[in-house]
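In: Here is the input, now give the coordinates:
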Amino acid sequence: MDTIDWQDFQKIQLTTGTVVRVEEFPEARKPAWILYIDLGTKGIKKSSAQITDHYAKEDLVGKQVVCVTNFPPRQIGKIMSEVLVTGFPDENGNVVLCIPDKPVPNGARLF
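Out: Coordinates of the predicted model:
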């Protein structure tokens with residue numbers, strides 16, 4: 001893998017947000033939730049997230065997540081996904097969310 005410089009890293013907007021609503025997404029090819037994420041001054045954005053193995057709908061509301069906010073929107077089934085929610089694969093390849101370990105303001109940018 002190639003190394004990057006500081007300017008390359010600064011191009012990626014990794015931002016915190018709080019999940020404010022979760023909907024089922026039965027049209028998704030793989031089981032997924034539609035997340036509505038409050039990103040502070042960036043507003044509330046939608047994301048399709050394949051995280052149903054570890055996270056129930058009711059457990060996600062109020063949870064802070066880390067999102068990439070400067071990808072172009074992407075049509076995923078019936079929704080336009082506006083941000084990418086980040087996570088790591090567990091030993092079975094299921095997504096474990098990347099979350100701050102203490103509350104931070106919505107819209108805070110990773111540095």
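In: From now on I want contacts and neighbour counts done on CA atoms only, so please keep to that.
Out: Fine.
In: In three-state terms, label Thr41 for me.
Out: Following DSSP: H, G, I helix; E, B strand; the rest coil, the label given to Thr41 is helix.
In: which residues does the residue nearest in space to the middle of the chain contact?
Out: Nearest to the mean C-alpha position of the chain, counting by C-alpha atoms, centre = their mean, stands Val85 at 1.6 Å. Residues near Val85 by C-alpha atoms under 8 Å, 6 or more residues apart in numbering: Ser47, Ala49, Val65, Val66, Cys67, Val68, Leu97.
In: any chance you could map the strands in the protein?
Out: 14-24, 33-38, 44-49, 64-68, 74-76, 79-81, 84-85, 87-89, 95-97 (DSSP state E).
In: In its sheet, which strands sit next to the last one, and in what direction?
Out: The pairing partners recorded for strand 95-97 under DSSP bridges are strand 87-89 (antiparallel).
In: Could I get the average pLDDT for the strand it pairs with?
Out: Mean pLDDT, computed over strand 87-89, is 98.
In: in it, what's buried?
Out: Gly87 (16 or more other C-alpha atoms under 10 Å).
In: From the contact counts, what lies against the worst-scoring helix or strand of the chain on mean pLDDT?
Out: Using mean pLDDT, DSSP states H and E, the weakest-scoring helix or strand in the chain turns out to be helix 6-10, at a mean of 92. For helix 6-10, there is no helix or strand it packs on, judged by 3 or more C-alpha pairs under 8 Å, 6 or more residues apart in numbering; DSSP states H and E.
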